[in-house]
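1. curious how this folds, go ahead:
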Amino acid sequence: MTTPFDPGAWRLPTRPGVYLFKDVRGRILYVGKAKSLRARVRGHFSADAAASAKNRQMLAGVADVETIVVASEAEALLLEANLIKAHRPRFNIQLRDDKRYPYIKVTVQEPFPRVFVTRSVENDGSRYFGPYTDVGAMRHALEVIKRAHTVRSCRYDLPDEAPARPCLDHHIGRCAAPCVGLQSREDYRAMIDEVVDVLGGRTGGVRGRVEGQMRAAARRLDFERAAERRDVLQGLDAIERRQRALDVRGGDVDVLGVARDGDRACGVRLRIRQGKLLGREVDFFDNADAGAASDLLGAVASRFYLGRGDGAADDLPREVVAPEDFDDRAALEEVLTESAGRKVRIHVPARGAKVRLAELAAQNARHLLEERKVMRQDVAERADDVLYELQEALDLNVVPRRIVCFDISHTQGSEVVGSAVTFENGSPRKAGYRRFRVRGDWGNDDIRSMAEVVERYLRRRLDEEGSPPDLLVIDGGRGQLGAARRAADAAGAPDVEVIALAKREEEVHVPARRTPVRLARRNPGLRLVQRARDEAHRFALAYNRRLRGKRTLSSELGEIPGIGPARQRALLRRFGSVAALREATEEDVAATPGFSSRLAALVKAHLPARS
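-> As a prediction, this is how the structure comes out:
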């Protein structure tokens, strides 16, 4: 292979497949899939891709590319998932916690099925329920099943293997002994069907049977048996309470949600069966800082359903709800449909109950990611949902916990000042407010003034705290945005996020997009940015007025005999403006250091109070 910076020299196929970037030692740096291998590999070297620091770092180490051609995009998706799992390439999004949550396994393919806990899922015909992130809830469900049903716990391969006599479970009422023919295969199978219903969230039929048994026992005055059946009913109630009812018209749905902060991300899959939330699967990811939010969603979806090999085909829903479209959606839909043996649809809702479900999954992901960051002491407090919404709307790399907004104010090119106001977790932080007198003789040129203020702020910030804010908000349009972006680069903060908010149409300008982002007027993220912009404008304007008042006062004081520069400065420090000095009494002026009653009377004669 030739140099990696000459992709045109690679004679790559135009077929679907998988490509592997390797370094000089043959180690796999990145695994990717493509509808057209040639177009996708060359895309890594485009101008847009070069904007990603992660992509630039990866390409600097690429010495070779290997391609594997397959028949379809779906096959490429499967192969990519297997190769990432096997090689864990450095530049692919990686599972941070590759742990397996427990499932309840029902061996329905056996003549006399068993029910037990497992952490590995195989394509063996069994029914799997889970994964259970709450192990306590799983154990409670198993206990309810054991009390309501006499499921065997032995490992005999019935009916081929069988003991000579029943075990202890039969004698204590925990098993009806199908091993020795005391329970027929048909009766045992009907009982297992009820177990599957309970685990699937359909407890109504079992409840009716247990209530009947409780009443019959009470009529026979068998209060011990009635109490036992009552306890089973309470256990079923607890299962119902854990399965939160949702408005999805009783359907079987998976709902995906993702949240990202820098290179860390969290993915959530809500499992809804028969309209009830039965479980939540969670995974954390590293190396997630490159590409658009839809790229992360595609990677998370692939890991949930393909990447670990623990997805049971018979537990796949008929519909997967995703918060937005992603490149691999059609290919993943094809793979899941083939695996389930029926149509599985990946749906991106535009309105209604399923949009709210997608938001619920996203909120779960945000809160779990925040919980992990707080526990790791990466942040002092949780970020509000509005910050994640702003990140998603503007496709920011990090959650903007600390926002600094800049504004320029002047009076016809004089008293040019700048402001920088800080918002932390959506609230003003007055200790972080800064004001600047623009040093350059830029006059009315707001763009050059903005560049000076942003660069000065960032240089001082990096010297004092070592890191830039999460987001810079510039009051202005694309001109001010470009100037601020160049200033950030010059100050040594090339990775800081910068946006601009134009006053006229309240459009948000983002460096990577040629057209502005239009957010809904009631969008909470837009309102937060507007609050920061308005506060920066207020702070800059107040400083400009103060300087203008001092200039006016100094000019008028210079006309009073006996009031030299030192006494002018003393009056400026004490009163600050012409208006305040006019309203002051002679006694107030005389109390100023360096002034006597005679000088005070002279000042008041030249600056009398307004009538």
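2. so the residue nearest the centre of the chain, which of the three states?
-> Among the residues of the chain, residue 259 comes closest to the average C-alpha position under Cα atoms, centre = their mean, at 1.5 Å. Assigned by DSSP: H, G, I helix; E, B strand; the rest coil, the conformation of residue 259 is strand.
3. got the contact list for the closest residue to it other than its chain neighbours?
-> If the residues on either side of it in the chain are set aside, residue 259 comes closest to residue 365, at 3.8 Å by Cβ to Cβ, 6 or more residues apart in numbering. To be clear about C-beta, it is placed using only N, CA and C from the backbone, and glycine gets the same treatment. For residue 365, the contact set (Cβ atoms under 8 Å, 6 or more residues apart in numbering) comprises 257, 258, 259, 266, 267, 268.
4. between the residues you listed, which has the most around it?
-> residue 267 (29 neighbours; other Cβ atoms under 10 Å).
5. stretch 425-434 - what's its average pLDDT?
-> Averaged across stretch 425-434, the pLDDT comes to 93.
6. re the thing from before, and the residue nearest to the centre of the chain, bridged to which residues?
-> residue 266 (DSSP bridges).
7. surely it is in contact with residue 388?
-> Yes - using Cβ atoms under 8 Å as the test, residue 259 is close enough to residue 388 to be in contact (6.0 Å).
8. any stretches of the stretch 1-150 of the chain with poor pLDDT?
-> Across the stretch 1-150 of the chain, the ranges flagged by pLDDT under 70 are 1-10, 47-52, 96-101, 121, 123, 130-137.
9. 80 - rerun?
-> Applying pLDDT under 80 to the stretch 1-150 of the chain flags the ranges 1-11, 46-55, 82, 85-86, 94-103, 119-125, 128-149.
10. mind checking how far stretch 465-483 is from the chain centre?
-> The chain centroid and the centroid of stretch 465-483 are separated by 22 Å under Cα atoms, centre = their mean, to the nearest Å.
11. cool, stretch 183-194 as well?
-> 46 Å.
12. okay, it in PDB with CA atoms only?
-> Extracted in PDB, the C-alpha atoms of stretch 183-194 (Å, rounded to 0.1, in the frame of the first residue of the first chain):
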ATOM      1  CA  GLN A 183     -47.800 -35.200  36.600                       C
ATOM      2  CA  SER A 184     -48.600 -35.600  32.900                       C
ATOM      3  CA  ARG A 185     -46.700 -33.900  30.200                       C
ATOM      4  CA  GLU A 186     -49.800 -31.900  29.100                       C
ATOM      5  CA  ASP A 187     -50.400 -30.600  32.700                       C
ATOM      6  CA  TYR A 188     -46.800 -29.700  33.100                       C
ATOM      7  CA  ARG A 189     -46.700 -27.900  29.700                       C
ATOM      8  CA  ALA A 190     -49.900 -25.900  30.600                       C
ATOM      9  CA  MET A 191     -48.100 -24.800  33.900                       C
ATOM     10  CA  ILE A 192     -45.100 -23.700  31.900                       C
ATOM     11  CA  ASP A 193     -47.300 -21.600  29.600                       C
ATOM     12  CA  GLU A 194     -48.500 -19.800  32.700                       C
END
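13. make 29 the starting number, not 1.
-> All right, first residue 29 from here; so that's stretch 211-222.
14. of all the residues in that stretch, which ones are buried?
-> For stretch 211-222, burial by neighbour count (16 or more other Cβ atoms under 10 Å) applies to 211, 216, 219, 220, 222.
15. any residues touching whichever helix or strand the second one is part of, and which ones?
-> It refers to residue 216. Using DSSP states H and E, residue 216 sits within helix 213-227. With contact meaning Cβ under 8 Å, 6+ apart, helix 213-227 is reached by 132, 134, 136, 139-141, 143, 155, 157, 169, 172-173, 176-179, 187, 204, 206, 231, 233-234, 237, 264, 267.
16. just the ones in strands from those residues, please.
-> 132, 134, 143, 155, 157 (DSSP state E).
17. the residue lying closest to the second one once chain neighbours are set aside: neighbour count?
-> The spatially closest residue to residue 134, leaving aside those adjacent along the chain, is residue 155, at 4.4 Å (Cβ to Cβ, 6+ apart). Close neighbours of residue 155, defined as other Cβ under 10 Å, add up to 21.
18. now swap in residue 624 and tell me
-> 11.
19. just checking, what packs against the host helix or strand of residue 562?
-> Residue 562 belongs to helix 552-585 when assigned by DSSP H and E. Contacts defined by 3 or more Cβ pairs under 8 Å, 6 or more residues apart in numbering; DSSP states H and E place helix 552-585 against helix 413-422, strand 430-439, strand 442-452, strand 462-465, strand 499-503, strand 525-529, helix 593-603, helix 606-611.
20. out of those, deepest packed?
-> Most buried of the helices and strands packed on helix 552-585, by mean neighbour count (mean count of other Cβ atoms under 10 Å): strand 499-503, with a mean of 26.
21. mind listing the strands it pairs with, and their directions?
-> By DSSP bridges, strand 499-503 pairs with strand 430-439 (parallel), strand 525-529 (parallel).
22. residue 100: neighbour count?
-> Neighbourhood size, residue 100 [other Cβ under 10 Å]: 15.
23. if we can go back for a sec, the residue nearest to residue 287 is in what secondary structure piece?
-> Secondary structure from DSSP H and E places residue 393 in helix 381-403.
24. doesn't residue 298 belong to a strand?
-> Yes - the assignment for residue 298 is a strand, going by three-state DSSP.
25. domains in the protein, by residue range?
-> The chain breaks down into these domains under automatic domain parsing: 35-120, 281-401, 422-567, 586-634.
26. for these, could you give me CSV that also reports distance to residue 196?
-> Shown next, in CSV, are those (distance: least, Cβ to Cβ, whole Å):
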stretch, distance to residue 196
domain 35-120, 43
domain 281-401, 32
domain 422-567, 57
domain 586-634, 92
